[in-house]
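Peer 1: return a 3D structure for these sequence lines:
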Amino acid sequence: MRFLSGRAVTLFYEFLDDETPLTVPAVSVTVRDSSGESVYTGQAEQSGEGWSVSLPVLPTGLYAVDWRADDVATDRTSFEVVGAFLFTVPEARSSDVDLRDAHRFPAADIRKYREVVEEEFETITGRSFVPRMRRVSVTGDGSAAVFTGLLDVIRLVSATGPNGPLNAAEWTVNDAGFLAAPQELTEGARYTLAVEYGLPAGLEDVKRAGLLRLRSLLTAENSGIPDRATSFVAAEGGNFTLATAGRNGYETGIPEVDATLIRYRYRILSDVLGVG
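Peer 2: Numbers count the residues shown, from 1 in each chain. Have a look, this model is predicted:
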């Protein structure tokens, strides 16, 4: 589940034993950031058959939520705060006449599959199309440079070394994932870096590809073509070969979407390292 930075976060949770709802008298909530530090503790309020809690504005990053219902159950969920979305719900509705039907395609479903599309695009290209924050751990090698493993680095949010916090403002960043400290880093020492990364929001070709992919996921049952089909014969005549995900270089099976994503893959991964 993703939320936009600069907005309050409202979480909802229902305690279930498989498919059976659990009746609980009270629920406490603890929210921790990716470093494990608590950023919120409080009581949830009953909301219908579940429980909800409103959180203050949180910075970009990953968060874990512990829902404690006395001695009945303790469950954990997670959510992420991002700097932008690939597209908005109104943009999704205006992109296709079918998606304008809010009864058939509620906003919750559009938000859910928007996240699926964003994650899929990052998996395929190795790059995020929304600003995100990750905490990475690296080992010093005696030089000032470290590699985070993240592409399109925007800034270093914080840095912690073996002796405590470091001044992140003194580090320089490279969008290829390399960071340089103001001095050499102790060989063998561990450093924890909170890194914000991702391509700028609003890339029109990627947004269009994302909307096409969203539509294909939400309306898949309307195609009338079996999931395993690689070709079909139209009623009007003619044999058509389908672009099938996982075959012949296609990732999603939608040629325009796959062509867009190919343009955003770092060529060095395939040309130099032989990956992908």
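
Peer 1: in the chain, spot the helix with the most residues.
Peer 2: helix 107-125 (DSSP state H).

Peer 1: list the buried residues of it.
Peer 2: Buried residues in helix 107-125, counted by 16 or more other C-beta atoms under 10 Å: 109-111, 113-115, 117-118, 120-122, 124-125. All C-beta spots, glycine's among them, are computed from the backbone N, C-alpha and C.

Peer 1: so residue 11 sits against residue 78, correct?
Peer 2: No: the pair residue 11 / residue 78 is not scored as a contact, 10.3 Å apart, by C-beta atoms under 8 Å.

Peer 1: which residues do those two both contact?
Peer 2: Common contacts of residue 11 and residue 78 (C-beta atoms under 8 Å, 6 or more residues apart in numbering): residue 65.

Peer 1: which of the two has more residues huddled nearby?
Peer 2: residue 11 (21 against 12; other C-beta atoms under 10 Å).

Peer 1: paired strands for the helix or strand where residue 159 lies, with orientation please.
Peer 2: Here residue 159, judged by DSSP states H and E, is contained in strand 153-161. Paired neighbours of strand 153-161 in the sheet (DSSP bridges): strand 164-166 (antiparallel), strand 190-197 (antiparallel).

Peer 1: how far out from the middle of the chain is that strand?
Peer 2: 19 Å (C-alpha atoms, centre = their mean, to the nearest Å).

Peer 1: now it: mean pLDDT?
Peer 2: Average pLDDT, strand 153-161: 95.

Peer 1: mind listing what's buried in that strand?
Peer 2: Buried, per 16+ other C-beta under 10 Å, within strand 153-161: 153-154, 156-157, 159-161.

Peer 1: do stretch 31-38 as well
Peer 2: Buried, per 16+ other C-beta under 10 Å, within stretch 31-38: 31-34.

Peer 1: out of the residues you listed, what pair is the most spread apart?
Peer 2: For those, the farthest-apart pair by C-beta to C-beta is 31 and 34; their separation is 11.5 Å.

Peer 1: what residues are shared contacts of the two?
Peer 2: What both residue 31 and residue 34 touch, as defined by C-beta under 8 Å, 6+ apart, is the set residue 63.

Peer 1: what residue lies at the spatial centre of this structure?
Peer 2: residue 119 (4.9 Å; C-alpha atoms, centre = their mean).

Peer 1: where are the low-confidence patches of the protein?
Peer 2: 221-250, 267-276 (pLDDT under 70).

Peer 1: at 50 what do you get?
Peer 2: 225, 227, 229, 232, 238-244, 247-248, 269, 271-273 (pLDDT under 50).

Peer 1: helices along that one, start to end?
Peer 2: 89-95, 107-125, 204-218, 255-263, 267-271.

Peer 1: got those as JSON lines, with distance to residue 42 columns?
Peer 2: What follows is those, written out as JSON lines (distance: least, C-beta to C-beta, whole Å):
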{"stretch": "helix 89-95", "distance to residue 42": "29"}
{"stretch": "helix 107-125", "distance to residue 42": "24"}
{"stretch": "helix 204-218", "distance to residue 42": "35"}
{"stretch": "helix 255-263", "distance to residue 42": "41"}
{"stretch": "helix 267-271", "distance to residue 42": "45"}
